[in-house]
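> Below: sequence and its predicted model.
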Amino acid sequence: MTAGSYNDSSVFPNPVYKETVLRPLFDGAKDHHVEGFRLIDRAHLVMLHETGILTLEQARSIAQALKAIDREVEVSTLTYTGEVEDFFFLIEKELRARLGPDLAGRLHTARSRNDIDHTLFKLGLKHRIDPLLERLVRLAETLASVAESESGTLIVAYTHGQPAQPTVFGHYLAAVLETLLRDIARLEAARDIVDRSPMGAAAITTSGFPIDRDLMARLLGFSRPLQNSYGCIASIDYITSTYSAIELVFLHLGRFIQDLQFWTSFEVGQVYVPNAFVQISSIMPQKRNPVPIEHMRHLASQTVGRAQAMLTIMHNTPFTDMNDSEGESQGFGYGAFKSGGRVLDLLTALIPALRINADRVRQNIRRSCITVTELADSLVRREGLSFREAHEIAAAVARAVVAIEGDIGSDGYEAFQKAFEHCTGRPANIDKDDFAKIVSPENFVAVRDRFGGPAPGALSQAIAAYNDEISGVRTRMQNAAQREQTSAHDLQSRFTALLGAQ
């Protein structure tokens, strides 16, 4: 092909435009939206007939032609030639070949590629949001189950990268779960925005024909129509809300995954990853590499990046129908669902397999004196001191124990007596056995039996509430699935009735 042929402005499509824009858009529609086109055509035809816009004879002929196209055109084998502009016009071309231009063109009454496109994209998003929600709920159920079974398993909790206080693994996982449930709620809210049908908006302003937008919404499985017709083709908050929710899911899970990376390090070692999730070094025989954690971390980051890119694509675009939010952008965004789904599947499999290294936890608790906060609290309650005075005594004890690399329970009482008398001018009413109990990690956890705390009663109450919340999500998902299944059956029944005897 000569250079001049690329610049020929007399024939559509220009070859460069065809290869750089039209072919990728056609292939994207072919890969992602064929079933959506099929459903929209059938639902719109049913609506046109039931509102009296088309006669039974007209609607039946179009229905039979659509059925023939489904049977005779193998979409997966199609190659874009430029003969038609896009997939929409391909279907119209096929209708014209079977029905003639007048009758074929009647299917497009009271609709536009504008409302069709946004409906396609919403159908595509719902098709991806629902499996992602299912994965998220399975992860939530796993976290709740493991949190309950690990409700008595001590761990070291860290702040600023340093040992801070003892808690239990179940309490930590419950915190991850609580965040996840908020993320699920955000994605559910985004799905509700997606679940509003744009069909009937036509290009911008609806139509002078007596269309039934509620019927179209029901037939396509939407909960209701999106009201404002301009907003149907201009407001892309169904995209931004979806990808904002996805970005937050994996940003938050990435922090949990990073903790797992830190906790499995040799120096910390409080989490043990079993061999099924460990790879070996190709050269160093001693290495146990829990690389699934790294894969989850980078896949979570990729998902955040893809979701964030979708928001960036939408930034500073005009409030109107425009290509920035359409085919290729939609296809790009679908990658976030794919990488995010891999993270959720792997994390759901890994969490029940993790084991806490109790010996290493005990060693780290001993070395770090992290139960000393409860010593200060106990001095306030039992000795009537101010917290600041009690804090100074506890700090002196911790310094003395750490200096001798001792254990606060067995080696700290003498330092405690000395610090107490120095600060108060009197001996403490706490004997050695009481002291050892006060600074034990078991006691530290047990006395924190407040709302949201790690003690068995408080944690059990929290997990029960989380399970109720998860059950509510499941019920809402099942109700939505049932409604959409009913809509699909209704559309199929009404379309079949239009076909008549074959």
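Right, received. Where do you want to start?

> next one: the longest helix along the chain to chain centre, how far?
Secondary structure of the chain per DSSP state H: the longest helix is helix 456-499. In terms of C-alpha atoms, centre = their mean, to the nearest Å, the centre of helix 456-499 is set 17 Å apart from its chain centre.

> which strands and helices sit next to it?
helix 34-50, helix 56-72, helix 113-149, helix 169-194, helix 213-219 (3 or more C-beta pairs under 8 Å, 6 or more residues apart in numbering; DSSP states H and E). C-beta coordinates here come from the backbone N, C-alpha and C atoms, glycine included.

> Tell me which of these approaches A245 most closely.
Minimum separation from A245 across these (C-beta to C-beta) falls at helix 169-194, 4.2 Å.

> who does the next helix or strand along the chain from that closest one pair up with?
Scanning forward in sequence from helix 169-194 by DSSP states H and E, the next helix or strand is strand 196-197. The pairing partners recorded for strand 196-197 under DSSP bridges are strand 224-225 (parallel).

> hang on, the earlier thing: let me have the helices and strands packed on helix 456-499 in a markdown table, adding mean pLDDT, mean neighbour count and distance to G327 as columns.
Output for those, formatted as a markdown table (pLDDT from 0 to 100; neighbours: other C-beta atoms under 10 Å; distance: least, C-beta to C-beta, whole Å):
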| stretch | mean pLDDT | mean neighbour count | distance to G327 |
| --- | --- | --- | --- |
| helix 34-50 | 95 | 21 | 12 |
| helix 56-72 | 95 | 17 | 21 |
| helix 113-149 | 97 | 21 | 8 |
| helix 169-194 | 98 | 20 | 17 |
| helix 213-219 | 98 | 21 | 22 |
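
> Pull out the buried positions in the helix or strand hosting M296.
M296 is located in helix 291-314, with elements delineated by DSSP H and E. Neighbour-count burial for helix 291-314, counted by 16 or more other C-beta atoms under 10 Å, picks out 292-293, 296-297, 299-304, 306-310, 313-314.

> Kindly report the same for stretch 78-89.
Neighbour counts over stretch 78-89 (16+ other C-beta under 10 Å) mark 80, 82, 84-85, 87-88 as buried.

> what's the neighbour count on P166?
27 (other C-beta atoms under 10 Å).

> Could you verify that it is part of a strand?
Yes. The assignment for P166, made by DSSP: H, G, I helix; E, B strand; the rest coil, places it in a strand.

> got the contact list for stretch 378-385?
For stretch 378-385, the surrounding residues in contact (C-beta atoms under 8 Å, 6 or more residues apart in numbering) are 386-387, 389-390, 393-394, 420, 424, 428-430, 438.

> Kindly reformat those residues as CSV and extend each row with secondary structure, neighbour count and pLDDT.
Converted to CSV, those look like this (DSSP: H, G, I helix; E, B strand; the rest coil; neighbours: other C-beta atoms under 10 Å; pLDDT from 0 to 100):
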residue, secondary structure, neighbour count, pLDDT
S386, coil, 10, 95
F387, helix, 12, 93
E389, helix, 17, 95
A390, helix, 24, 96
I393, helix, 25, 96
A394, helix, 27, 96
F420, helix, 24, 96
T424, helix, 16, 95
A428, coil, 19, 94
N429, coil, 10, 93
I430, coil, 19, 95
I438, helix, 22, 97
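
> could I get the residues you listed as TSV with distance to D27?
Shown next, in TSV, are those (distance: C-beta to C-beta, whole Å):
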residue	distance to D27
S386	73
F387	67
E389	74
A390	70
I393	73
A394	68
F420	77
T424	80
A428	78
N429	80
I430	76
I438	69
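
> just curious, which of those is nearest to C232?
Nearest to C232 among the contacts of stretch 378-385: F387, at 59.4 Å, using C-beta to C-beta.

> Let me know whether that closest one touches A376 as I believe.
Yes. Counting by C-beta atoms under 8 Å, A376 is a contact partner of F387 at 6.5 Å.

> how close does the closest residue in space to R96 that isn't next to it in sequence get to S325?
Excluding its sequence neighbours, the residue lying closest to R96 (C-beta to C-beta, 6 or more residues apart in numbering) is A104, at 4.3 Å. As judged by C-beta to C-beta, to the nearest Å, A104 and S325 stand 29 Å apart.

> Who has more neighbours out of those two?
S325 (23 against 20).

> where does that one land on pLDDT?
You'll see S325 listed with a pLDDT of 91.

> so it sits right up against P318, yeah?
No. If you go by C-beta under 8 Å, S325 and P318 don't touch, sitting 10.4 Å apart.

> ok, the nearest residue to F420 once chain neighbours are set aside to Q417 distance?
Using C-beta to C-beta, 6+ apart and skipping residues adjacent in sequence, the residue nearest F420 is A428, 4.4 Å away. A428 sits at a distance of 6 Å from Q417 (criterion: C-beta to C-beta).

> And the pLDDT for G412?
pLDDT at G412 comes out at 95.

> what does A3 give?
Per-residue pLDDT puts A3 at 50.

> residues in contact with the residue nearest to F420?
Residues in contact with A428 (C-beta under 8 Å, 6+ apart) are 379, 383, 416-417, 420-421.

> I'd like to know which of those residues are buried.
Using 16+ other C-beta under 10 Å, the buried ones in the contacts of A428 are 379, 383, 416-417, 420.
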